[in-house]
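Chemist: got a predicted structure here, sequence first:
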Amino acid sequence: MALLCDLCIAAEDTVFFLPETGLGMIPGVGGTQTAPRVIGLGRAMDMVLTGKRVDAQEALGIGLVNRVVPRETLLTAAKALAYTLAEHDPRVTALAKRAIRQGGDLSLAEGLALERRLWALICRQGA
């Protein structure tokens with residue numbers, strides 16, 4: 001599930017793993033596709049093929065999560081992040097996410113052109 005999130009906060013005692021291969025399956029819900037994109041090919045291979053468990057601090061280090069907090073403050077941290085995101089215009093947020101996601105597959109010049117097109121769209125919409 002964490003692989004599908006734009007931002008992820010984990011409690012310090014959280015453990016992440018993809019056990020499906022050891023159970024005779026391949027990871028579903030896009031695990032084989034999202035893991036390499038989020039944590040890199042080598043780390044994804046390790047987790048998918050061996051079922052390696054990753055604790056919260058390692059998950060932070062490899063980019064699987066964005067923040068690690070004590071379990072007792074997890075809900076508070078998640079609400080604070082949600083409130084911060086809710087303060088932004090959702091149209092602008094959606095276009096920023098689009099620029100990040102699509103731009104990763106483009107050259108820098110093409111990514112900058114995409115950014116300019118999306119900025120112009122925001123200006124035309126009066127955001």
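Modeler: Here it is on my side, so go on. Model, not experiment: these values are computed from the prediction.
Chemist: from here on, just use CA atoms for contacts and neighbour counts.
Modeler: Noted.
Chemist: break down the protein into its strands, ranges please.
Modeler: Along the chain, counting by DSSP state E, strands occupy 9-11, 15-16, 54-55, 67-69.
Chemist: elements contacting the lengthiest helix in the chain?
Modeler: Ranked by residue count and defined by DSSP state H, the top helix of the chain is helix 108-125. Secondary-structure packing of helix 108-125 (3 or more C-alpha pairs under 8 Å, 6 or more residues apart in numbering; DSSP states H and E): helix 90-103.
Chemist: domains for this structure, by residue range?
Modeler: If you go by automatic domain parsing, the domain ranges for the chain are 2-86, 90-125.
Chemist: deepest-packed of those, please.
Modeler: Burial of those is given as mean neighbour count (mean count of other C-alpha atoms under 10 Å); domain 2-86 ranks first at a mean of 15.
Chemist: how far does that one stretch from one end to the other?
Modeler: With C-alpha to C-alpha, to the nearest Å as the measure, the ends of domain 2-86 fall 20 Å from one another.
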